[in-house]
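Peer 1: Take a look and give me a structure for this.
(one chain, ligands or ions: 1)
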Amino acid sequence: MSRSRDEETEFEGVLRQIDDTVPFEPGYYNESYLDRRITARMRRRDTESHAEYERILREDADERQALMDALTINVTEFFRNPEMWDVLRDVLRDRTADQRRVRVWSAPSADGREPYSVAMLACDDPEIDESRVEVLGSDISEEALDNAREGVYHTTRTTDIAEELEPLSDPDEYVERDEDAFRVRPAVKRLVDFETHDLIRDGARDPFDVVLCRNLLIYIDVDHKAALFDTLEASLAEDGVLVLGMTESVPPDRSDRYEPIDKRRRVFGRR
Ligand SMILES: C[S@@+](CC[C@H](N)C(=O)[O-])C[C@H]1O[C@@H](n2cnc3c(N)ncnc32)[C@H](O)[C@@H]1O
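Peer 2: Here you go, the predicted model:
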């Protein structure tokens, strides 16, 4: 991205305004990601000037909320990247055969579709003992977590929930359908808890057997990736399994700590 010095100063002014008035930490995220999101909001507000947009942000609480929503993009799907779920299926089969309790952390969980997918997979596969599976979903977005706890998803012009649930043998066993609304059934919800957690600030959680951290690292500034990985590592059981997003990877200086279980699908075992 090439900006003049004046434009750079004005862009930084917008970032300062975000830091001061929006419950979001711009310093965590890489500049190209912030730039794309801010530019999209500026277009919606019909301005090309960062100085003008800074003024709008200062004066307009609705714009601050709209920008917050744009920045914490919580795009997700049930069974996102279906090929990864075949690898996870094998991991859960093995672990539930060997262990009394298998703890899975979906961090970040966005609106809950990822942790519910884990629970649905466990219920759906006859070789996985779902009574041994416990899932935690966490996110920094309270709004996403409210939606997750509610567990109702809608088919819209851009989202086809029935298609997302296709990897299941009988989706109706796990969701109650009312026209375009899909309500997650209690037998699935019972396996999943939700909590607020900031992966950079809040540090490690109890050791988990499986940690899914998908589609967040791509937005995180290089300086904060280490803190995030420290949290993930400290939250993994000794023989734990880490799953990243399909375009994400373990930083090279840490790759000796992980052994690929399936490199292409981004599933790694802790050494
Ligand atoms: C693109 S979604 C990924 C959801 C899911 N893991 C998936 O792959 O479909 C990214 C999520 O990260 C959350 N997030 C952003 N920064 C975070 C942080 N520092 N700690 C925890 N969650 C964060 C956002 O609120 C958003 O819900």
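Peer 1: So which bits of this protein are right by the ligand?
Peer 2: Contacts of the chain with the ligand, taken as Cβ under 6 Å from any ligand atom, map to 28, 72-76, 80, 108, 110, 114, 139-141, 144, 198-200, 214-216, 245. Glycine gets a C-beta too; all of them are placed from N, C-alpha and C.
Peer 1: Which ones among these lie within strands?
Peer 2: Counting by DSSP state E, the part of those found in strands is residue 139.
Peer 1: Give me the buried subset of the residues of the chain next to the ligand.
Peer 2: Among those, the ones that count as buried by 16 or more other Cβ atoms under 10 Å are 28, 72, 74, 76, 80, 108, 110, 114, 139-141, 144, 198-200, 214-216, 245.
Peer 1: in the chain, which residue is closest to the centre?
Peer 2: residue 108 (3.3 Å; Cα atoms, centre = their mean).
Peer 1: That residue contacts residue 212, correct?
Peer 2: No - when contacts are counted by Cβ atoms under 8 Å, residue 108 is not listed as touching residue 212 (9.2 Å).
Peer 1: one step back: list the contacts of the residue nearest to the centre of the chain.
Peer 2: 74, 138, 139, 140, 199, 213, 216 (Cβ atoms under 8 Å, 6 or more residues apart in numbering).
Peer 1: Identify, from these, the entry nearest to residue 249.
Peer 2: In terms of Cβ to Cβ, no member of the contacts of residue 108 lies closer to residue 249 than residue 213, at 11.8 Å.
Peer 1: Quick check: beta-bridge partners of that closest one?
Peer 2: Beta-bridge partners recorded for residue 213 (DSSP bridges): residue 244.
Peer 1: which regions of the protein sit below the pLDDT cut-off?
Peer 2: 1-2 (pLDDT under 70).
Peer 1: Do a quick rundown of the helices in it.
Peer 2: 5-21, 31-44, 50-59, 61-71, 82-98, 113-124, 142-150, 161-164, 186-189, 222-234 (DSSP state H).
Peer 1: closest to residue 177 out of the ones you listed?
Peer 2: Between the helices of the chain, helix 161-164 lies closest to residue 177; by Cβ to Cβ that is 8.1 Å.
Peer 1: what about dumping the CA coordinates of that closest one to CSV?
Peer 2: Provided in CSV are the C-alpha atoms of helix 161-164 (Å, rounded to 0.1, in the frame of the first residue of the first chain):
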residue,chain,number,x,y,z
ILE,A,161,-27.1,-23.8,6.2
ALA,A,162,-28.6,-27.1,4.7
GLU,A,163,-25.6,-27.3,2.4
GLU,A,164,-23.2,-26.6,5.2
